[in-house]
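Participant: Sequence below, structure please.
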Amino acid sequence: MDAKLVPADAQLAAKRGFIRTTAQAYGTALAGGITIVAVSDAFQRASSGDWVPLVIAAAVTVISPIIAGAASYFSILSAGIPADYQPAEPERLA
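Facilitator: Numbering: from 1, shown residues only. This next block holds a predicted model:
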């Protein structure tokens with residue numbers, strides 16, 4: 001018997017949740033999370049030799065969406081498949 005700890009359907013739903021949440025978080029981070037003022041300030045500091053703000057801004061922009069996606073992934077694995085991700089029931093013919 002090949003029993004898995006996490007069913008294949010739950011793994012697939014978790015992967016879909018990870019991709020969806022990560023994409024949404026990147027959209028938020030790039031659209032408004034990092035303002036043009038913060039980016040221009042970071043570039044001005046970098047041009048004068050202080051790279052720390054630019055590196056921190058870039059790291060937050062890149063890493064935080066992945067963390068959000070991972071939270072979604074593990075949430076689905078631990079709580080089960082959300083209703084939106086449930087496999088469709090095949091229609092029965094009468």
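Participant: what bits of this protein have low per-residue confidence?
Facilitator: 1-4, 30-36, 81-94 (pLDDT under 70).
Participant: Okay, helices next: where are they in it?
Facilitator: Using DSSP state H, the helices of the chain run over residues 8-28, 36-47, 52-79.
Participant: and the angle for the first one with helix 52-79?
Facilitator: If you take axes from the mean of the first three to the mean of the last three Cα atoms, to 10 degrees, helix 8-28 sits at 150 degrees to helix 52-79.
Participant: Can you show me the CA trace of stretch 50-70 as PDB?
Facilitator: The C-alpha trace of stretch 50-70 is given here as PDB (Å, rounded to 0.1, in the frame of the first residue of the first chain):
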ATOM      1  CA  ASP A  50      25.400  53.600   0.700                       C
ATOM      2  CA  TRP A  51      24.000  50.400  -0.800                       C
ATOM      3  CA  VAL A  52      22.100  49.200   2.300                       C
ATOM      4  CA  PRO A  53      18.700  50.800   1.600                       C
ATOM      5  CA  LEU A  54      18.700  49.600  -2.000                       C
ATOM      6  CA  VAL A  55      19.600  46.100  -1.000                       C
ATOM      7  CA  ILE A  56      17.000  46.000   1.700                       C
ATOM      8  CA  ALA A  57      14.300  47.400  -0.700                       C
ATOM      9  CA  ALA A  58      15.200  44.800  -3.300                       C
ATOM     10  CA  ALA A  59      15.300  41.900  -0.800                       C
ATOM     11  CA  VAL A  60      11.900  42.900   0.600                       C
ATOM     12  CA  THR A  61      10.400  43.100  -2.900                       C
ATOM     13  CA  VAL A  62      11.800  39.700  -3.900                       C
ATOM     14  CA  ILE A  63      11.400  37.700  -0.700                       C
ATOM     15  CA  SER A  64       8.200  38.900   0.900                       C
ATOM     16  CA  PRO A  65       5.900  37.500  -1.900                       C
ATOM     17  CA  ILE A  66       7.700  34.100  -1.600                       C
ATOM     18  CA  ILE A  67       7.000  34.100   2.100                       C
ATOM     19  CA  ALA A  68       3.300  34.900   1.500                       C
ATOM     20  CA  GLY A  69       3.100  32.100  -1.100                       C
ATOM     21  CA  ALA A  70       4.800  29.600   1.300                       C
END
